[in-house]
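K.L.:
coordinates only, sequence not included:
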């Protein structure tokens, strides 16, 4: 039997995965407006993925191997961009009275989001939809489709209406 004052109920965790797109920003705003009570009583994690860089252009332009300084500079710039994006999103949350944590990782967005949901024990994942058609999704893939199929928590895909 548990003592009355010993109840350590953990807050649920909600993760909003964002990128630099307008649909991603819209999904965050929609969640803050429409799920405010749920988010206010949960731990909110803002998550962004830094895609693995395709440095083939740097290799070709330098006639061989890309200089390590160039690669390092490109990666540092990508990290700064991701952190700035998360800070903007955190400010949006603060304006709605919500304190958010931020996390960024490198990799393929589908895989990294899936792994983060597992690792962070997320109870609700919120994503924006780019609104690609069937053919584009077939060729480009869809992060939201992948997450809906494979992530082991409820996934809310927010699509901006026209």
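P.N.:
The structure has been received and is ready for your questions. Just so it is clear, the model here is predicted, and its values are computed rather than measured. Residues are numbered from 1 along each chain as shown.
K.L.:
pLDDT of the lengthiest strand in the chain, averaged?
P.N.:
Secondary structure of the chain read by DSSP state E shows that its longest strand is strand 42-50. Taken as a whole, strand 42-50 has a mean pLDDT of 96.
K.L.:
Against residue 153, how distant is residue 10?
P.N.:
Noted for residue 10: a distance of 15 Å to residue 153, by C-beta to C-beta, to the nearest Å. C-betas here are computed from N, CA, C, even on glycine.
K.L.:
The two: which is more packed in?
P.N.:
Ranked by neighbour count (other C-beta atoms under 10 Å), residue 10 and residue 153 place residue 153 first, with 16 against 7.
K.L.:
Next, that one: secondary structure please.
P.N.:
Using DSSP: H, G, I helix; E, B strand; the rest coil, the structure places residue 153 in coil.
K.L.:
Just the pLDDT at it, thanks.
P.N.:
On the pLDDT scale, residue 153 is placed at 97.
K.L.:
Which helix or strand contains residue 101?
P.N.:
Here residue 101, judged by DSSP states H and E, is contained in strand 100-106.
K.L.:
Please state the offset of the helix or strand following that strand from the chain centre?
P.N.:
Next in sequence after strand 100-106, counting helices and strands by DSSP H and E, comes helix 109-120. Offset of helix 109-120 from its chain centre (C-alpha atoms, centre = their mean, to the nearest Å): 9 Å.
K.L.:
from here on, count from 55
P.N.:
Renumbered: residue one is now 55, and that last one reads helix 163-174.
K.L.:
buried residues in helix 163-174?
P.N.:
By 16 or more other C-beta atoms under 10 Å, the buried positions in helix 163-174 come out as 163, 164, 166, 167, 168, 170, 171.
K.L.:
Check the contact between the last one and residue 205; I expect there is one.
P.N.:
In this case it means residue 171. Yes. At 5.1 Å, residue 171 and residue 205 qualify as touching, with contact defined as C-beta atoms under 8 Å.
K.L.:
what touches both of those two?
P.N.:
With contacts taken as C-beta atoms under 8 Å, 6 or more residues apart in numbering, the residues that reach both residue 171 and residue 205 are residue 179.
K.L.:
Paired strands for the strand holding residue 155, with orientation please.
P.N.:
With DSSP bridges as the test, strand 154-160 is paired with strand 96-104 (parallel).
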